[in-house]
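Q: A structural model of the following input is requested.
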Amino acid sequence: MLSKGELMLRPFHLAFPVHDLDEARIFYTEILGCKVGREKPESCVLNLHGHQIVAHLVSSMPDLVTNPVDGKQVPSMHFGIVLEWNQWHEMRERFEALSLEFVIGPYLRYENQPGAQATMFIKDPSGNHLEFKSFQDDAMIFDASWGNMGQS
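A: From the prediction side, this is the model:
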């Protein structure tokens, strides 16, 4: 079980590169439901489920690599959100209704093992990979007993 302090999380901050701020703003607001905060010509602050993410305009995007995880090639550089079980399924249905292309389609990773999690990966217009995951048992989010299983 998560401690009370872990349930009352402070917002996390993440800055990430984009090659087109307008395109990024549209994707993060219209597809992911983010709200826009401060904006400057070189950056845009977004609210992703209560967390502060900031799109920064760059002249070139970094190269991305993948690592094998549970038989899939998972982008080693990615970010996302751990949703409640029903929220994850609603997000999956939303992505499917929008005919969004999945980098890794929705599936249950580590099925029938401790740490089993629903997961799916998409890309934003700049090629940043985003993972949306959910655990049926939130106690598994930080559980160390399932050891070194290649978790992302």
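Q: Which strand or helix spans Trp103?
A: Careful, residue 103 is Val and not Trp. strand 102-109 (DSSP states H and E).
Q: One more: His89?
A: Assigned by DSSP H and E, His89 falls within helix 85-97.
Q: So which residues make contact with that helix?
A: Residues from elsewhere that reach helix 85-97 (C-beta atoms under 8 Å, 6 or more residues apart in numbering): 31, 83, 102, 106, 118, 120, 122, 132-136. No exception for glycine: its C-beta is placed from N, CA and C like everyone else's.
Q: what's the answer for stretch 11-24, then?
A: Under C-beta under 8 Å, 6+ apart, the answer for stretch 11-24 is 41-44, 50-58, 60-62, 79, 124-126, 128.
Q: What are the phi and psi values at Leu46?
A: Main-chain dihedrals, Leu46, degrees, to the nearest 10: phi -130, psi 150.
Q: I'd like to know how many residues surround it.
A: Here the count is done by other C-beta atoms under 10 Å, and Leu46 has 22 residues near it.
Q: quick one: it and Ile53 touch, right?
A: Yes. Under the criterion of C-beta atoms under 8 Å, Leu46 makes contact with Ile53 at 5.0 Å.
Q: one step back: of the contacts of helix 85-97, select the buried ones using a ChimeraX command.
A: In ChimeraX, this line selects whichever of the contacts of helix 85-97 come out buried by 16 or more other C-beta atoms under 10 Å:
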select :31,83,106,118,120,122,132,133,134,135
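Q: just to revisit the earlier point, among the contacts of stretch 11-24, which are in strands?
A: Of the positions in the contacts of stretch 11-24, 43-44, 51-57, 79 sit in strands, assigned by DSSP state E.
Q: Neighbour-wise, which one of the residues you listed leads?
A: Top of the ones in strands among the contacts of stretch 11-24 by neighbour count (other C-beta under 10 Å): Ala55, with 26 neighbours.
Q: contacting residues for it?
A: 16-18, 21, 24-25, 28, 43-44, 46.
Q: Of the residues you listed, which qualify as buried by neighbour count?
A: Using 16+ other C-beta under 10 Å, the buried ones in those are 16-18, 21, 24-25, 28, 44, 46.
Q: what is in contact with Leu46 and Ile53 at once?
A: Joint contacts of Leu46 and Ile53 (C-beta under 8 Å, 6+ apart) are 28, 34.
Q: List the ones among the buried ones among the contacts of Ala55 that fall in helices.
A: 21, 24-25 (DSSP state H).
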